[in-house]
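A.B. asks: Sequence first, then the predicted structure, then my questions.
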Amino acid sequence: QVQLVESGGGLVQAGGSLRLSCAASGRTFSNYVLGWFRQAPGKGREFVAGIDWSGAGTFYADSVKGRFTISSDNAKNTVYLQMNTLKPEDTAVYYCTGATFPSKREKDYRYWGQGTQVTVSS
């Protein structure tokens, strides 16, 4: 059974930083893409960032490009999302997710974590 467990969310002031972690278990992810989506109150889930498990390819939503960095530690089966220069509009529940090919579409992602709350105060 695949498990994705997020951690690292919290409350931060605008302009601050947070690092989210996603620990993956239950299968080999060598041919997978792991990504982050977020869902703000009253809105649908939106793509944030993705990385192929080898770490060679990363891709981002335009809204976070230059501020967020996704990375992976294969030895620890963990994916990270470093979030800098946070804005109040980044406030959302952040979900770790897995897919078999690079995509920015929610429906292409098969595995989901339980989410971690990120709140950015102004």
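C.D. replies: On my side now, so go ahead. All of these numbers come straight from a predicted model, not from anything done at the bench.

A.B. asks: ok, what's across the strand from the most centrally placed residue in the chain?
C.D. replies: Nearest residue to the geometric centre of the chain (C-alpha atoms, centre = their mean): Trp36, 2.4 Å. In this entry, Trp36 is beta-bridged to Ala49, Cys96, by DSSP bridges.

A.B. asks: correct me, but it touches Leu81?
C.D. replies: Yes: using C-beta atoms under 8 Å, Trp36 is in contact with Leu81, at 5.0 Å. C-beta coordinates here come from the backbone N, C-alpha and C atoms, glycine included.

A.B. asks: shared neighbours of the two, which are they?
C.D. replies: Common contact partners of Trp36 and Leu81 (C-beta atoms under 8 Å, 6 or more residues apart in numbering): 20, 22, 48-49, 70, 94.

A.B. asks: Name the member of these with the most neighbours.
C.D. replies: Highest neighbour count within those: Cys22, with 26 neighbours (other C-beta atoms under 10 Å).

A.B. asks: mind checking pLDDT for that one?
C.D. replies: Per-residue pLDDT puts Cys22 at 96.

A.B. asks: Helix or strand for it, just tell me which one.
C.D. replies: Assigned by DSSP states H and E, Cys22 belongs to strand 18-25.

A.B. asks: ok, that strand: who's next to it in the sheet?
C.D. replies: Strand 18-25 has these strand partners (DSSP bridges): strand 3-7 (antiparallel), strand 78-83 (antiparallel).
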